[in-house]
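Engineer: give me coordinates for this.
(2 chains)
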There are 2 protein chains.
Amino acid sequence: TIVRVLEQEEQKEQLLKGKKVLITAGPTREKIDPVRFFTNPSTGKMGFALARQAARLGADVTLISGPVKLDTPSGVERVDVTSAEDMFQAVMERYHDSDLVIKSAAVADYRPRTTYEHKMKKAPGDYAVEMERTKDILLELGERKEHQYLIGFAAETQEIESYGRKKLEKKNLDAIVINNVSDEGAGFGHDTNVSIWLTKQGDKQTFPLMSKDELATNILQKAVEEMKGESL
Amino acid sequence: TIVRVLEQEEQKEQLLKGKKVLITAGPTREKIDPVRFFTNPSTGKMGFALARQAARLGADVTLISGPVKLDTPSGVERVDVTSAEDMFQAVMERYHDSDLVIKSAAVADYRPRTTYEHKMKKAPGDYAVEMERTKDILLELGERKEHQYLIGFAAETQEIESYGRKKLEKKNLDAIVINNVSDEGAGFGHDTNVSIWLTKQGDKQTFPLMSKDELATNILQKAVEEMKGESL
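Structural biologist: Here you go, the predicted model:
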């Protein structure tokens, strides 16, 4: 029985063997000028936990990360990007060859319409920053989906399940992980998350407060089950 | 002579003994909503180096820091803030009692006029973020200066000396450290800086590429010399 447990452990370790996993992480920065930018509080912890756990489960992992202060997990190929446009390019180059794609990056929705080459000098009075939409990476991934199993994240502060379900459908995802970023201990910058997992197939599960590494393992196991169901 | 060298070392260690030093560090964050904000690339390294070296020279150091990923230097009292307004309040509370004040924080000049309590949903099309000026902390410190020796920083990308000199005068500083953030290895996020030191008294010195801890020591020694000259 010890041998059997070890064999099961061995099999568990290899859940993602031979799979190419593409993960995005962190914030993006949208520059106004060389010293001013628009961003969000993502620290990249969730995406890095996913990359670390996917590598541990035997996957061939590429991690595309915005500016964060985290060490690259062992065995993971890391690509650093800054802006939403950089991230879009880096993801699209690698999408076709990926089996499982998890978009945990908090990509800016908007960027300043103009980026100034030199630092803007302060002027008296107020002003407005004209913003334009960035490309919606997750929507583009959903539209161009071939064989990939595609997972998105939603960070919401209210009506989290209904917003999350709308996003799952609108972006043609296979599954979504919804975080209530108003919850104590959840979301940006924390080591823990409280989350809801929803799938296109109708599965729903609430993950209680747990570490991002535990949540990552749960997400990957759920994804593997569903990918097997679809005989991928 | 060994005793004499040790005594000199001892004296050097105590250059700031009995002095209250107030240092600001890092960026500020100016929120649009719970998950979107404007900021800048400051990592706080310069301010933390100044705090560490001032404490080593015997000062009683308070470090007011925006959101950064750095450990508090040994023996330093740290106060964490997020926005420019928070930083203004924290600095003003402590200004009167300070002997030496070094404003190395990269405080946002502008903030969104409105901060939304809930995450804004994306809408079709572009939009503009109405911005208003934050309080100019350094200008306020210059205007309210009593006995304090006040040092500012300037991060410039062009005509750096003339912009820096204007800032020194306009803000009633005793000295300014000007960084050319376009230089290789200088400024935001780097461990090294190339800088120009200018004082109200007309002193000028260029500090070559050196670590931020070395630059911090040079700045503090210069400040002590000038403070002695003014028999403070």
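Engineer: now do residue A:125, the pLDDT please.
Structural biologist: For residue A:125, the model assigns a pLDDT of 73.
Engineer: now for it: which residues touch it?
Structural biologist: Residue A:125 makes contact with residue B:133 under the criterion C-beta atoms under 8 Å, 6 or more residues apart in numbering or on different chains. For the C-beta atoms, the positions are set from N, CA and C on the backbone; glycine is no exception.
Engineer: so which residues on chain A come close to chain B?
Structural biologist: Counting by C-beta under 8 Å from any C-beta of the partner chain, chain A comes close to chain B at A:29, A:32, A:34-41, A:69, A:106, A:108-110, A:113, A:118-119, A:122, A:125-133, A:155-158, A:181-182, A:188.
Engineer: now the buried members of those residues.
Structural biologist: For those, a burial check counting by 16 or more other C-beta atoms under 10 Å in any protein chain shown picks out A:29, A:32, A:34-41, A:106, A:108-110, A:119, A:129, A:131, A:133, A:155-157, A:181-182, A:188.
Engineer: how about the helices in chain A?
Structural biologist: Counting by DSSP state H, chain A has helices at residues A:2-13, A:45-56, A:84-95, A:137-143, A:160-170, A:212-229.
Engineer: tell me the contacts of residue A:38?
Structural biologist: When contacts are counted by C-beta under 8 Å, 6+ apart, residue A:38 touches A:29, A:30, A:32, A:108, A:110, A:111, A:112, A:129, A:131, B:36, B:37, B:38.
Engineer: please redo it, this time with the cut-off set to 6 Å
Structural biologist: By C-beta atoms under 6 Å, 6 or more residues apart in numbering or on different chains, the contact list for residue A:38 reads A:30, B:38.
Engineer: same check, this time on residue A:117
Structural biologist: So residue A:117 contacts nothing (C-beta under 6 Å, 6+ apart).
Engineer: distance check, it against residue B:131.
Structural biologist: Taking C-beta to C-beta, to the nearest Å as the measure, residue A:117 falls 20 Å from residue B:131.
Engineer: do the same with residue A:177
Structural biologist: Counting by C-beta to C-beta, the gap from residue A:177 to residue B:131 is 34 Å.
Engineer: next one: residue A:89
Structural biologist: In this structure, residue A:89 and residue B:131 are 29 Å apart, going by C-beta to C-beta.
Engineer: likewise residue A:49?
Structural biologist: With C-beta to C-beta as the criterion, residue A:49 and residue B:131 are 35 Å apart.
Engineer: name the residue of chain A that lies nearest to chain B.
Structural biologist: Closest residue of chain A to chain B, C-beta to the nearest C-beta: residue A:128 (4.1 Å).
Engineer: who is the nearest residue to that residue once chain neighbours are set aside paired with across the strands?
Structural biologist: Excluding its sequence neighbours, the residue lying closest to residue A:128 (C-beta to C-beta, 6 or more residues apart in numbering or on different chains) is residue B:128, at 4.1 Å. Counting by DSSP bridges, residue B:128 is bridged to residue A:130.
Engineer: so residue B:128 versus residue A:136, what's the distance?
Structural biologist: Distance of residue B:128 to residue A:136, computed by C-beta to C-beta: 20 Å.
Engineer: please tell me I have it right and residue A:113 contacts residue A:128.
Structural biologist: No - using C-beta atoms under 6 Å as the test, residue A:113 is too far from residue A:128 to be in contact (10.7 Å).
Engineer: burial count for the residue lying closest to residue A:98 once chain neighbours are set aside?
Structural biologist: Spatial nearest neighbour of residue A:98, chain neighbours left out: residue A:22 (4.1 Å); criterion: C-beta to C-beta, 6+ apart. Neighbourhood size, residue A:22 [other C-beta atoms under 10 Å in any protein chain shown]: 28.
Engineer: can you pull the contacts of residue A:22?
Structural biologist: Residue A:22 makes contacts with A:62, A:94, A:98, A:101, as judged by C-beta under 6 Å, 6+ apart.
Engineer: can you read off the pLDDT for the third one?
Structural biologist: Note for residue A:98: predicted pLDDT of 98.
Engineer: need phi/psi at it.
Structural biologist: Main-chain torsions, residue A:98, degrees, to the nearest 10: phi -100, psi 150.
Engineer: who touches it in this structure?
Structural biologist: By C-beta under 6 Å, 6+ apart, the residues touching residue A:98 are A:20, A:22, A:148.
Engineer: mind putting the residues you listed into CSV with pLDDT?
Structural biologist: Formatted as CSV, the contacts of residue A:98 follow (pLDDT from 0 to 100):
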residue, pLDDT
A:20, 98
A:22, 98
A:148, 97
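Engineer: neighbours around residue A:228, how many?
Structural biologist: 10.
Engineer: residue A:170 too?
Structural biologist: So residue A:170, with other C-beta under 10 Å, has 12 neighbours.
Engineer: find the nearest non-adjacent residue to residue A:221, please.
Structural biologist: Residue A:221's closest residue in space is residue A:15 (C-beta to C-beta, 6+ apart), at 7.0 Å.
Engineer: so that neighbour touches residue A:224, yeah?
Structural biologist: Yes - at 5.0 Å, residue A:15 counts as touching residue A:224 under the criterion of C-beta under 6 Å.
Engineer: separation between residue A:203 and residue A:171?
Structural biologist: Separation of residue A:203 from residue A:171 (C-beta to C-beta): 17 Å.
Engineer: these two touch, right, residue A:102 and residue A:25?
Structural biologist: No - in this structure, residue A:102 is not within contact of residue A:25 by C-beta under 6 Å, at 9.1 Å.
Engineer: tell me how far stretch A:52-63 lies from the chain's centre.
Structural biologist: Here stretch A:52-63 is found 14 Å from its chain centre; the criterion is C-alpha atoms, centre = their mean, to the nearest Å.
Engineer: what of stretch A:168-185?
Structural biologist: Counting by C-alpha atoms, centre = their mean, stretch A:168-185 comes out at 10 Å from the chain centroid.
Engineer: and that stretch, what's buried?
Structural biologist: Neighbour counts over stretch A:168-185 (16+ other C-beta under 10 Å) mark A:168, A:171-183 as buried.
Engineer: any residues touching that stretch, and which ones?
Structural biologist: A:138-139, A:142, A:149-155, A:157, A:160, A:164, A:186-187, A:192-200, A:209.
Engineer: ok, stretch A:201-208 next?
Structural biologist: Applying C-beta under 6 Å, 6+ apart, the contact partners of stretch A:201-208 are A:195, A:196, A:197, A:198, A:215, A:218.
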